[in-house]
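Colleague: Need a 3D model of the following:
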Amino acid sequence: MSKTALVVIDVQESFRQHPLWAYASQPDIVGQVDRLVTAARQRGDLVVWVLHAEPGSGGVFDPASGHVRLVGGLAPDPGEPTLVKTSHNAFTTTNLQQLLTRAGIREIVVCGIRTEQCVETTTRVGCDLGYEMTFVTDATVTFPTPHRDLPATATPAEILADSRTLSASEMTARTEYALAGRFATVRTVAEVTGTAPAQAGDTPESGTGTVSVRAGGALDGTDPAGARPAPAGVRS
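Modeller: Presented below is the predicted three-dimensional model:
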C-alpha cells in the first residue's frame, strides 16, 4: 500500500475571477496538476482534493457565488475525497489528518493555488505534524503581489506599475527559499512524475528545479528575502 498522498489545494474557479489571473505564474496549472494526478493514480497514491470556502462573505470564495468548485479539466475519481476548508492550511478546519492517518500516509505531495499562501501554509503545518513534504513549485500559481501600503482598491494596472510590487516569480522564489531544507523538498512536475531527470544546475529563481541545500540548512545561492519587506498577501 502506498504511503504517499497527493493533496491538490484550491485549484478552483474562484481564482479565475482574480483581477490578476492574466498574470498567473503558471498558465498551465490544470495541465500540471493533471500530470501529477495521473501519475499518483498510476502509482496507487491517495489523491485528496481541497477547496477553500468563505461562507457568507459575498465574494468569490462564498459557496453561494458558484465559484467554489474545481476548474474545468480536473475532477476526482470515485473514492477520492474532496474537502472544504475555511482556513489557509488544509488541516485545521478539515479532517485531512485523520484521513491520512487512516490511510497510513507518511509523505504528502502538495500543489495548487496560491504558492505562498494556502499551499505553503499547508506544507509548513504538514511538516510540523511529522509528514515528509514535497512542494511541487511548477504545479502552483501565484500572482504579482502589491506592497502592504498600496490601497486595497488599487487596480491591476496600479499594482503592476508600483515599483514595490513583487512579481509572481519573486513570490515563487521566496517561497522556495523559505521551504527548502526546512519544511519540504522542492521539486518539479517532471521530477515527481519521472518524466525527466532533475537538472543539477536548476536554480530556485527558475521555479523549475529542485532547490539544493548546504549542510546546516543554508541554501545555495543568494537568498533574496532581505531585498524588500515581504508584503501582506492577498487571496482574492
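
Colleague: Now do the strands for this structure: every range, in order, please.
Modeller: With DSSP state E as the criterion, the chain has strands at 4-9, 46-52, 82-85, 107-113, 132-141, 185-187.

Colleague: Report all helices and strands that the biggest helix by length in the chain contacts.
Modeller: For the chain, the longest helix by residue count, based on DSSP state H, is helix 29-43. Contact analysis of helix 29-43 by 3 or more CB pairs under 8 Å, 6 or more residues apart in numbering; DSSP states H and E lists strand 4-9, strand 46-52, strand 107-113, strand 132-141, helix 189-193 as its packing neighbours. Where C-beta positions appear, they are placed from N, C-alpha and C, glycine not excepted.

Colleague: give me that answer again for 6 Å
Modeller: In terms of contacts (3 or more CB pairs under 6 Å, 6 or more residues apart in numbering; DSSP states H and E), helix 29-43 is packed against strand 4-9, strand 132-141, helix 189-193.

Colleague: Which neighbouring elements make contact with the last one?
Modeller: Okay, so that is helix 189-193. Applying 3+ CB pairs under 6 Å, 6+ apart, we find helix 189-193 packed against helix 29-43, strand 132-141.

Colleague: if I look at V50, how far off is V119?
Modeller: Between V50 and V119 the distance is 10 Å, computed by CB to CB, to the nearest Å.

Colleague: cool, A24 as well?
Modeller: 14 Å.

Colleague: Which residue of these two possesses the greater neighbour count?
Modeller: Applying other CB atoms under 10 Å to A24 and V119 shows that V119 carries more neighbours, namely 30 against 19.

Colleague: The more buried one against G112, yeah?
Modeller: Yes - between V119 and G112 there is a contact under CB atoms under 6 Å: 5.1 Å.
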